[in-house]
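>>> Quick one, structure for this:
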Amino acid sequence: MVSRPAGGGGRPGPWSRPFRWLWVKRAWVAGAVGIVFTASTFYVLWVIRDLPDPSQDVLAAGDVVVLDRNGKLIEDWNPAGHYHINVSLHDMGPYPPAAVLAAEDRNFYNHGAIDLASTGRALWVDITSRGLNQGGSTITQQLVKIQLLTPQKSVTRKVQELVLAVAIEQRYSKDQILTMYLNRVYFGHGAYGVGAAAKTYFDKDAKDLSVAEAAFLAGMIQAPTAYDPVQHYSLAHERELYVLQGMVATGKLGSSEADKAATEDVKSELKIQPTARQSQAPHFVEHVLATLETMFGSDAIQQGGLVVHTTLDLNLQQIAQQAVSNGVQDLAFTHVNNSALLAANPKTGEVLAWVGSADYGNDSIAGQFDVVLAERQPGSSFKPYVYEAALRDHKITWATILHDTLTNFNGYTPHDFDNGGMGDIPARTAILYSRNIPAVEVGQMEGMQNVIALAHAMGINSHLDPGLSTAIGGSDVTLSEHVQGFQTFANQGQRVDLSVIREVDDASGRSVYSHGDPNGTAVLTPAEAYLITGVLKDYQNQWGFGWNRQMASKTGTSDNGHGGIPDSWIMAYNPDIVVGVWVGNTAPNGGGGLITAYGEQVGKTVMRRFVNALPSKMRDWYSQPSGITIGCNGADTEYIFLSGGCNATPSASPSASPSASPSASPSPTNLASPSPSPSPHPSPSPSPSPPPPSPSPGPTPT
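Numbering: from 1, shown residues only. All right, here's what the predicted structure looks like:
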């Protein structure tokens, strides 16, 4: 018997076969590795040839070309046409470089081109979130992104970024890389580099910036539009505090120095001047840039090389700008010095015109602040949400009798401009005459939480207080949100989110983003939406706006609690366009005064100029949808009802407890529309019963 050797050299195990194959094919494998290495080397050398010499005054960045919906140029966001000062690292002073490192890369001098720990954390977040969302880039990687690569997010692009970052650190010193980055990074308001930023924001040389000012600027690098101090000072200040903490953590600042810097009033030191930009819609472009930051990261703007096809119509934008500018002049005698207008296509949600202020370059009115995105009290223009909720839920019909008499709603007593009332009036008359007390009564009957839920569903994202004062516009909303809400009315109950970008192309013309067809959400049925539209179509005649086409509309006038008017509004729509206009009095640093203009005057000035200049094709109107009946069982034929709900006409009970108790400190009472003169009456409705009194002498109606 022959025994097998104990340590025998029998057939190799399966685990060893790949290695044997590689050994046999070693010449081919070595050749392939050599080809890949050589190609990678040539690729790296070819790409970094364009990296600027840090000793040269070079600002290489592509344009962000912003076009309107018809391909017309809105703005060429070109760094060569913006502000740049090349500054050596030594001449930047001690604070700006330290602040930027604290904000962006605290271990810059202690790691290589890649911070493995940060990259690992970012990779884990991307894997767990199934997306490319987390940062973790070093300053060297950021320089690569803004100087050499497109803003596209992909695994291939990330690999390119890592390879190039390693190559750059082989070619340049850390000081040189930091110098290039500090002279290249974008700080907003057209300022590229820390030298330009110091001049743009504080009218100083970089070396003269205080600790707080340097930290403030460094904090904006992450998202220059999102942290724009003109629009979002509180966010920029929070970011400043983060940078100061980082400067302490990196040993560049003592705790007491950081505490002192944190109390510095940077806002009062800002001296932002409008850049010499040539833009036909500056606030709109800034919102587009902010949207790009959200979509691609701030590198999209830093690197440039993008063509953005937007939704704006420059023809309508020009009409809107003229309407705002001339309308403000019309209302100058009422102390109005500023206005904003937003218009959109209700079917698609595409923004067609965006005017954030009457004069972008006018610092006396804080013209760079975009009022379209600012929270203001909407006054009576909020009432359609209240009535719609109650009508939809069959709590009232337009024929329901409401009590327009001074009423204490469990501690909350709303007033109208005349401190009086019209007595018992139908709900339809109450909204057309914009009476406050009936609107609060309806809010109580419906329950303010239900009203708030509907307003949120229609597009109001701001916090709405559940107190009854919200029923007459006592909670702040933005003009953008308000237009979104009325878009839902205008689109027969289908909410389509407002949008500003149709498509984005890179420098080679390849599409990197396409908005696609909008997806609507059914918030109301066409019949429910028509209940508001069918009544508000008479509003323009009730108040004599003098418009040349049919629109549904509603005005609003806020009250500071002492009879003063901070804001006046008007909202209007038809099937082709939805528009919102705000007017007020503004000043730098959030200041401003009161006005004497009611919403009715805004309808006769700014909105009239805009509506009457619209193209003739924008005059479509709604047909009565199914689910609507005229009259109730042969009676009340002057009113429209939901089918099957015409008998839902309960008598309101103002003495009952509110569904949602008023806040401890209710928001200021908002001014209702004073009773207009009896002529013209809304057609075809009859005179209300009882007939409203003629207006008392006093303020102009709203």
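
>>> Please report the separation between the first and final residues of stretch 588-602.
Length of stretch 588-602, first residue to last, C-alpha to C-alpha, to the nearest Å: 23 Å.

>>> So for that stretch, what gets flagged as buried?
By neighbour count with 16 or more other C-beta atoms under 10 Å, stretch 588-602 contains the buried residues 588, 592, 594-602. (Glycine included, C-beta is placed from N, CA and C.)

>>> now it, how far from the centre of its chain.
Relative to the centre of its chain, stretch 588-602 is centred 22 Å away, using C-alpha atoms, centre = their mean, to the nearest Å.

>>> what's the average pLDDT for it?
Summarised as a single mean, pLDDT over stretch 588-602 is 93.

>>> next structured bit after whichever strand or helix holds I431?
If you go by DSSP states H and E, I431 is part of helix 427-432. Going down the chain from helix 427-432, the next helix or strand is helix 436-446, by DSSP H and E.

>>> rewinding a little: determine the set of other helices and strands touching the helix holding I431.
helix 383-392, strand 401-404, helix 436-446, helix 526-536 (3 or more C-beta pairs under 8 Å, 6 or more residues apart in numbering; DSSP states H and E).

>>> Can you say which of these is nearest to F333?
Nearest of these to F333, taken as C-beta to C-beta: helix 436-446 at 26.1 Å.

>>> helices or strands next to the next helix or strand after the closest one in the packing?
Using DSSP H and E, the next helix or strand after helix 436-446 towards the C-terminus is helix 448-458. Judged by 3+ C-beta pairs under 8 Å, 6+ apart, the packing partners of helix 448-458 are helix 383-392, helix 479-490.

>>> Indicate which one of those helices is closest to V100.
Comparison of the helices and strands packed on helix 448-458 against V100 by C-beta to C-beta identifies helix 479-490 as nearest, at 32.7 Å.

>>> in the closest one, what counts as buried?
479-490.

>>> Any chance of JSON lines for those residues, columns distance to V579 and pLDDT?
Shown next, in JSON lines, are these (distance: C-beta to C-beta, whole Å; pLDDT from 0 to 100):
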{"residue": "L479", "distance to V579": "10", "pLDDT": "98"}
{"residue": "S480", "distance to V579": "12", "pLDDT": "98"}
{"residue": "E481", "distance to V579": "14", "pLDDT": "98"}
{"residue": "H482", "distance to V579": "11", "pLDDT": "98"}
{"residue": "V483", "distance to V579": "7", "pLDDT": "98"}
{"residue": "Q484", "distance to V579": "12", "pLDDT": "98"}
{"residue": "G485", "distance to V579": "13", "pLDDT": "98"}
{"residue": "F486", "distance to V579": "8", "pLDDT": "98"}
{"residue": "Q487", "distance to V579": "10", "pLDDT": "98"}
{"residue": "T488", "distance to V579": "15", "pLDDT": "98"}
{"residue": "F489", "distance to V579": "12", "pLDDT": "98"}
{"residue": "A490", "distance to V579": "10", "pLDDT": "98"}
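
>>> which one of those residues sits closest to G195?
S480 (34.9 Å).

>>> mind checking how far the closest one is from H90?
Distance, S480 to H90, by C-beta to C-beta, to the nearest Å: 46 Å.

>>> the strands in the stretch 151-300 of the chain, which residues?
Assigned by DSSP state E, counting those that start in this stretch, the stretch 151-300 of the chain shows strands spanning 191-192.

>>> in it, which spans are helices?
With DSSP state H, counting those that start in this stretch as the criterion, the stretch 151-300 of the chain has helices at 155-171, 174-184, 194-202, 211-220, 229-249, 255-262, 266-269, 282-296, 299-303.

>>> circling back: for the helix holding I431, the distance to its chain's centre please.
Worked out by C-alpha atoms, centre = their mean, helix 427-432 lies 33 Å from the chain centre.

>>> got a pLDDT number for S129?
Reported pLDDT for S129: 51.

>>> just the strands in the stretch 501-650 of the chain please.
Going by DSSP E, counting those that start in this stretch, the stretch 501-650 of the chain shows strands at 501-506, 511-514, 521-522, 552-557, 567-574, 577-584, 628-632, 635-642.

>>> before we move on, back to that, can I get the helices and strands packed on helix 448-458 in a markdown table including distance to K207?
Formatted as a markdown table, these follow (distance: least, C-beta to C-beta, whole Å):
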| stretch | distance to K207 |
| --- | --- |
| helix 383-392 | 54 |
| helix 479-490 | 41 |
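
>>> Flag the shaky bits of the chain, pLDDT-wise.
Judged by pLDDT under 70, the chain has its weakly predicted residues at 1-26, 29-30, 33-34, 36-62, 77-84, 117-136, 147-161, 273-277, 647-702.

>>> Can you pull up the most central residue in it?
Nearest to the geometric centre of the chain sits L373, at 5.5 Å (C-alpha atoms, centre = their mean).

>>> check contacts around that residue.
231, 287, 356, 478-480 (C-beta atoms under 8 Å, 6 or more residues apart in numbering).

>>> from those, which two are the most distant?
Q231 and L479 (13.5 Å).

>>> one step back: closest one to E75 among the helices and strands packed on helix 448-458?
Nearest to E75, of those and by C-beta to C-beta, is helix 479-490 at 20.0 Å.

>>> next one: the closest one to chain centre, how far?
With C-alpha atoms, centre = their mean, you get 13 Å for helix 479-490.

>>> and after that helix, which helix or strand comes next?
Heading C-terminal from helix 479-490 (DSSP H and E), you reach strand 494-495.
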